[in-house]
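In: Here is a sequence together with a model predicted from it:
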Protein chains: 2
Amino acid sequence: MPVFSLSSAAGGGRPLRADAQRNRVAILDAAEAEFRDRGMEASIDGIAERAGVGVGTVYRNYDTKEALMRAIVAAHVAPLVEAAQQGLSDPDPGAAFCGFIRRITSESCEFKALADALAGAGLDFAAVKEQAAGDLFDAVRQLFERAQQAGAIRGDVTADDIGALIQGLSHTAHITSDQGQMARCVDLVVDALRPAAAAPSSRPA
Amino acid sequence: MPVFSLSSAAGGGRPLRADAQRNRVAILDAAEAEFRDRGMEASIDGIAERAGVGVGTVYRNYDTKEALMRAIVAAHVAPLVEAAQQGLSDPDPGAAFCGFIRRITSESCEFKALADALAGAGLDFAAVKEQAAGDLFDAVRQLFERAQQAGAIRGDVTADDIGALIQGLSHTAHITSDQGQMARCVDLVVDALRPAAAAPSSRPA
DNA sequence: CAAGATACGGAACCTAGGTTCCGTTTGTCA
DNA sequence: TGACAAACGGAACCTAGGTTCCGTATCTTG
């Protein structure tokens, strides 16, 4: 049951039938929209209907709802992970880290499925942590450690703490769609990560 | 369908039968334990079994699972609300507010049902916000406003922001049972609420 | 255009968990 | 202890949503 490749089956095969190809795109689009708005609460029936397709057709492309969700989330995570990797060579480790946190939380705010994935809501948490969200958490950890070593982050915070905070913020992102409020909350937390008042990394008085 | 009073029906009535009285207590105890450990994921079947009782007996005391949950949560919320009211006359408004935040998050960490109620998980959110959790949010808001007026809290934070942060932290509390980590995260957030020590914050527009 | 392969739709199935119902048991009172 | 009301237990019911199945429709190829 192939998950990629728009025009041919995985491995050996002959090209996909034209209608099947069209449907695959429609399903992806529909899933994208539904998962965006409702996160893990989106239903297969809803996605199928939105795609103008029967549920069977959805299942012919993705074995389970979770697989479909993962595919969609993965598509959103990939560019984030890439951005994180670039951040690793940012001359200002603190800014790179904070900026990345702001970015993923902002993304979570408008794409509920990402929020759910990061918050571990409605999914087998261990599974998520390996897959889609796992990559992101790894990326965050690397940025975090670099920032902390550079002295841009308080020493008494651990990577696990960051993970926990992100999970919490992701939940908030799932609930609110108010980007402004979300941003204020995130800024607050991010500010709090700076080393105690003594050394404001970016701003001498 | 009475919800209070251990020995008699609400309003007019004759005393409760002895076995009914015993069962009511057993149900309350069982619900307390199940909701503590599993939050809203606790099941009526599980509660009934733990209480050594049939599901019908549970429903004879509480019309719905949510009603039972509310009763249990309310019992935990009451003393908190009371503490908050006392906090309103604390000479140090900032400490009163922060202390209260720490207290409810700590409580949420070991009593998952409270975390769920505050995070709005698995429940009709509006309903929760009126009931059990609503009182708590109100209490927090009062403590917050007083602390902010006293200058103990940054001026650019709103009561809604606090609500959002609590919801997020409550989700974290639901996931982790590590009181230490929870405390670190909460401290971080609480610290962040203090007015910027001397210098203007350096946040990007 | 016919034949076969491929894909489709959506009814039917399954599971989980909340809720109801009713025949049976137990407590209470005389 | 007998009789009645109160309470019990738990099977049965209902709903929601994920998943499977298969008869039918559509594409592709010769």
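Out: Structure's in. What do you need? Source: prediction; values computed, not measured.
In: tell me which residues of stretch A:69-89 are tucked away?
Out: Within stretch A:69-89, the residues that qualify as buried are A:69-74, A:76-77, A:80, A:83-84, A:87, counting by 16 or more other CB atoms under 10 Å in any protein chain shown. Bear in mind the C-beta positions are built from the backbone N, C-alpha and C, glycine included.
In: Of all pairs in those residues, which one is the farthest apart?
Out: For the buried residues of stretch A:69-89, the maximum inter-member distance is 26.3 Å, found between A:M69 and A:G87 (CB to CB).
In: quick one: the helix or strand in which A:L28 is found near chain B?
Out: Using DSSP states H and E, A:L28 sits in helix A:18-38. No: interface with chain B: helix A:18-38 contributes nothing (CB under 8 Å from any CB of the partner chain), its closest point being 14.3 Å away.
In: which helices and strands does that helix pack with?
Out: helix A:44-51, helix A:55-61, helix A:65-87, helix A:112-119 (3 or more CB pairs under 8 Å, 6 or more residues apart in numbering or on different chains; DSSP states H and E).
In: in chain A, which helix or strand is least confident?
Out: The helix or strand of chain A with the poorest confidence is helix A:125-130; it has a mean of 54 (mean pLDDT, DSSP states H and E).
In: Quick one: name whatever helix or strand follows it.
Out: By DSSP H and E, the next helix or strand past helix A:125-130 is helix A:132-149.
In: List the contacts of stretch A:133-149.
Out: Defining contact as CB atoms under 8 Å, 6 or more residues apart in numbering or on different chains, one finds that stretch A:133-149 is touched by A:73, A:77, A:80-81, A:84-85, A:87-88, A:93-94, A:96-98, A:100-101, A:104, A:117-118, A:120, A:128-129, A:153-155, A:157, A:159, A:162-163, A:166.
In: how about it: buried residues?
Out: Neighbour-count burial for stretch A:133-149 [16+ other CB under 10 Å]: A:133, A:135-137, A:139-144, A:146-148.
In: Pull it out as CSV, backbone CA atoms only.
Out: In CSV, the C-alpha atoms belonging to stretch A:133-149 read as follows (Å, rounded to 0.1, in the frame of the first residue of the first chain):
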residue,chain,number,x,y,z
ALA,A,133,7.0,14.5,16.0
GLY,A,134,10.1,12.7,17.0
ASP,A,135,12.2,14.3,14.4
LEU,A,136,11.0,17.6,15.5
PHE,A,137,11.8,17.0,19.1
ASP,A,138,15.2,15.9,18.1
ALA,A,139,15.7,19.0,16.1
VAL,A,140,14.6,21.1,19.0
ARG,A,141,16.9,19.3,21.4
GLN,A,142,19.9,19.9,19.2
LEU,A,143,19.2,23.6,18.9
PHE,A,144,18.5,23.7,22.6
GLU,A,145,21.8,22.1,23.6
ARG,A,146,23.7,24.4,21.4
ALA,A,147,22.0,27.5,22.7
GLN,A,148,22.5,26.3,26.3
GLN,A,149,26.2,25.6,25.8
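In: JSON lines please, covering the buried residues of stretch A:69-89 and showing distance to DNA strand D and pLDDT.
Out: Listed next are the buried residues of stretch A:69-89 as JSON lines, based on distance: CB to the nearest atom of the strand, whole Å; pLDDT from 0 to 100:
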{"residue": "A:M69", "distance to DNA strand D": "9", "pLDDT": "94"}
{"residue": "A:R70", "distance to DNA strand D": "12", "pLDDT": "92"}
{"residue": "A:A71", "distance to DNA strand D": "13", "pLDDT": "94"}
{"residue": "A:I72", "distance to DNA strand D": "14", "pLDDT": "95"}
{"residue": "A:V73", "distance to DNA strand D": "15", "pLDDT": "94"}
{"residue": "A:A74", "distance to DNA strand D": "17", "pLDDT": "93"}
{"residue": "A:H76", "distance to DNA strand D": "19", "pLDDT": "95"}
{"residue": "A:V77", "distance to DNA strand D": "21", "pLDDT": "94"}
{"residue": "A:L80", "distance to DNA strand D": "25", "pLDDT": "96"}
{"residue": "A:A83", "distance to DNA strand D": "31", "pLDDT": "97"}
{"residue": "A:A84", "distance to DNA strand D": "30", "pLDDT": "96"}
{"residue": "A:G87", "distance to DNA strand D": "35", "pLDDT": "97"}
